[in-house]
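**Student:** when you get a sec, could you give me coordinates for this:
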Amino acid sequence: MQRRTFCQSAIAAAVTTGLSACGARQQASNPGTSIPATSLDGNELSIASAAVDEFRESLEGQLFLQGDPGYDSAKQVWNGMFDNRKPAMVARCVSTQDVVDAVNFSRESGMLLSVKCGGHSFPGKSTSDGGLMIDLTSMHAVEVDAASMTARVGGGALLANVDNATLAQNLVTTTGTVSHTGVGGFALGGGMGRTDRLTGLAIDNLLAATVVTAAGNVVRASEDENADLLWGLRGGGGNFGVVTEFVFRVHPFNPTVYGGDLIFPATSGPLLLYAEMLESVPDEANIEPFFFPGEDGQILNGIGITWSGDHEVGAKVLAPLQEHPELLAGQLGPKSYQVIQTAWDADTAHGAQNYLKSGFFDALTPEIIEIIVDYVNRGDTGSWFQHLGGATARVAPDATAYAHRNVAVNFGIGYTSNDPAMNEAGIAAVREFYGALEPYMSGFYTNLHQDTEQKIWGNYGPNYPRLVELKNKYDPTNLFRLNANVKPTV
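**Tutor:** Numbering: from 1, shown residues only. Alright, predicted model coming up:
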């Protein structure tokens with residue numbers, strides 16, 4: 001397809017004030033009508049129907065306006081707290097050229113822009129009221145090349161697409177723990193999963209990416225081309241463009257792992273043993289406690305275990321957990337890795353109200369454990385650990401934009417409900433729990449936490465100035481701002 005240049009004069013003539021960004025659908029086919037929208041800085045504007053028609057015609061995919069059949073499905077995001085937002089338009093892209101056209105339209109019209117892959121952003125960054133949503137979900141192809149040990153992954157792929165393609169060839173690359181999560185947001189923020197201690201974070205396996213920049217240029221980022229951009233993509237999130245294809249390194253892998261869930265009471269004993277094991281277990285071990293209410297309402301401590309190595313060795317290493325005197329239920333044995341990878345899918349289905357805060361601990365001290373045990377037994381929140389270290393810690397903090405290399409675990413504190421009336425109390429409980437632990441934390445995982453601008457910038461640590469330089473180069477007007485935002489200074 002020829003690259004289409006949009007009629008900037010038509011767009012410029014259409015920008016007015018005093019219109020609702022969430023009004024009724026305007027028929028773009030009627031000359032003289034306009035589409036209400038929201039600008040980058042949050043003001044109200046309108047887009048001439050002629051410009052919208054031209055945009056629609058440029059796409060191989062589809063453009064949905066409010067009221068169109070398919071609009072509600074196209075705009076859907078995972079977190080029910082934000083699924084009521086109404087973008088003015090959703091561009092369901094099927095090619096990199098479609099993404100170029102959508103980025104150009106957003107920039108030239110001044111519309112607020114969001115990007116959706118899996119739509120899993122906890123703080124709702126995949127969507128907006130009155131903006132343009134780029135929907136990548138149709139771009140989900142995954143091609144595995146066992147000869148080169150790489151996987152080409154479409155920018156709209158879900159983690160399930162990647163696991164299905166790689167595990168079928170006894171290969172793996174690091175993916176997360178909920179398979180309907182999108183690869184884009186997951187990987188660009190760091191990418192933690194059950195194999196990261198063995199094979200590295202997703203960004204440590206990211207070899208190359210095809211990126212549409214704010215200027216509408218298509219660039220390739222790799223160690224040989226635009227290496228500065230590849231550095232920024234490895235943990236800098238969606239600040240620098242829309243990734244339409246990833247190339248990941250894959251690793252040999254036995255899809256039958258050793259593991260399972262062990263169930264304990266929510267007391268300090270199992271967590272103290274866990275803290276000891278964090279300092280010594282091999283890279284093959286992924287050990288992640290989580291807390292949940294039992295049938296009698298008492299809070300239990302489940303410990304999910306995935307051992308990606310020799311099963312007999314795993315049984316010996318993990319024996320202290322299986323022999324702990326407080327063990328209530330559960331056993332370890334051969335398990336399908338794919339079954340483990342999808343075990344949380346139903347409990348994390350689309351549509352629930354979700355709120356989350358998370359933070360890193362360099363170590364689990366008795367004092368931290370005491371606070372955790374106190375709060376989890378109140379039953380107001382859900383919480384869980386992500387096991388780090390191993391290969392993730394053997395990368396220099398300045399080798400990628402993601403700087404948190406020397407931490408032991410990520411700890412998440414969440415609220416989930418199907419009743420929006422519970423949101424205020426649930427959010428307050430999460431914030432109180434997090435507030436008690438924040439003094440012991442050393443930053444947070446931007447994929448699972450939203451905070452003030454100053455804390456976000458500080459969370460990038462000494463890498464932040466370099467990220468600003470990249471932002472100035474690739475997105476000087478901050479078109480890509482719905483993310484853990486790095487602000488340009490030009």
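
**Student:** in which helix or strand would I find the residue nearest to G382 when sequence neighbours are not counted?
**Tutor:** Spatial nearest neighbour of G382, chain neighbours left out: G414 (4.9 Å); criterion: CB to CB, 6 or more residues apart in numbering. (C-beta placed from N, C-alpha, C; glycine too.) Here G414, judged by DSSP states H and E, is contained in strand 409-417.

**Student:** can you check L262 too?
**Tutor:** Assigned by DSSP H and E, L262 falls in strand 256-265.

**Student:** what's the average pLDDT for that strand?
**Tutor:** Here strand 256-265 scores 98 as its mean pLDDT.

**Student:** need the contact partners of that strand.
**Tutor:** 270, 286, 298, 300-309, 311, 314-315, 318, 321-322, 324, 326-337, 340 (CB atoms under 8 Å, 6 or more residues apart in numbering).

**Student:** can we see that at 6 Å?
**Tutor:** If you take CB atoms under 6 Å, 6 or more residues apart in numbering as the criterion, strand 256-265 is touched by 270, 300-308, 311, 314, 321, 326, 328-330, 332, 334-335, 337.

**Student:** after that strand, which helix or strand is next?
**Tutor:** Sequence order places helix 268-278 as the next helix or strand after strand 256-265, per DSSP H and E.

**Student:** returning to that earlier point: among the contacts of strand 256-265, which are in helices?
**Tutor:** Under the assignment DSSP state H, these contribute P270, H311, G314, L321, Y337 to helices.

**Student:** can you tell me how far the nearest residue to S34 once chain neighbours are set aside sits from G110?
**Tutor:** Leaving aside its sequence neighbours, S34 sits nearest to S46 (CB to CB, 6+ apart; 3.9 Å). Applying CB to CB, to the nearest Å, the value for S46 to G110 is 11 Å.

**Student:** more neighbours: which of the two?
**Tutor:** Counted by other CB atoms under 10 Å, S46 and G110 do not tie: S46 has more neighbours, with 23 against 20.

**Student:** quick one: the strands in the stretch 101-250 of the chain?
**Tutor:** With strands called from DSSP state E, counting those that start in this stretch, the stretch 101-250 of the chain shows them at 113-116, 132-135, 142-145, 150-154, 171-172, 206-212, 218-222, 242-249.

**Student:** now these in TSV, with mean pLDDT and distance to Y440?
**Tutor:** Listed next are the strands of the stretch 101-250 of the chain as TSV, based on pLDDT from 0 to 100; distance: least, CB to CB, whole Å:
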stretch	mean pLDDT	distance to Y440
strand 113-116	98	34
strand 132-135	98	38
strand 142-145	98	39
strand 150-154	98	36
strand 171-172	98	33
strand 206-212	98	31
strand 218-222	98	36
strand 242-249	98	34
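
**Student:** which among the ones you listed is found nearest to A436?
**Tutor:** strand 113-116 (33.2 Å; CB to CB).

**Student:** tell me the strands beside that closest one, with direction?
**Tutor:** strand 132-135 (parallel) (DSSP bridges).

**Student:** what's next to the partner strand, contact-wise?
**Tutor:** 74, 87, 89-92, 102, 106, 111, 113-116, 127.

**Student:** break this protein into its domains for me.
**Tutor:** In terms of domains, the chain is parsed into 8-135, 142-252, 256-448 (source: automatic domain parsing).

**Student:** now, of these, which is deepest in the fold?
**Tutor:** Greatest average neighbour count among the domains of the chain goes to domain 142-252 (a mean of 22), per mean count of other CB atoms under 10 Å.

**Student:** gap between it and the chain center?
**Tutor:** Relative to its chain's centre, domain 142-252 lies at 12 Å (CA atoms, centre = their mean, to the nearest Å).

**Student:** now the end-to-end length of that domain.
**Tutor:** 17 Å (CA to CA, to the nearest Å).

**Student:** so which of the domains of the chain is nearest A484?
**Tutor:** With CB to CB as the yardstick, what comes closest out of the domains of the chain is domain 256-448 (4.0 Å).

**Student:** can you give me how far that closest one is from the chain middle?
**Tutor:** Counting by CA atoms, centre = their mean, domain 256-448 comes out at 18 Å from the chain centroid.
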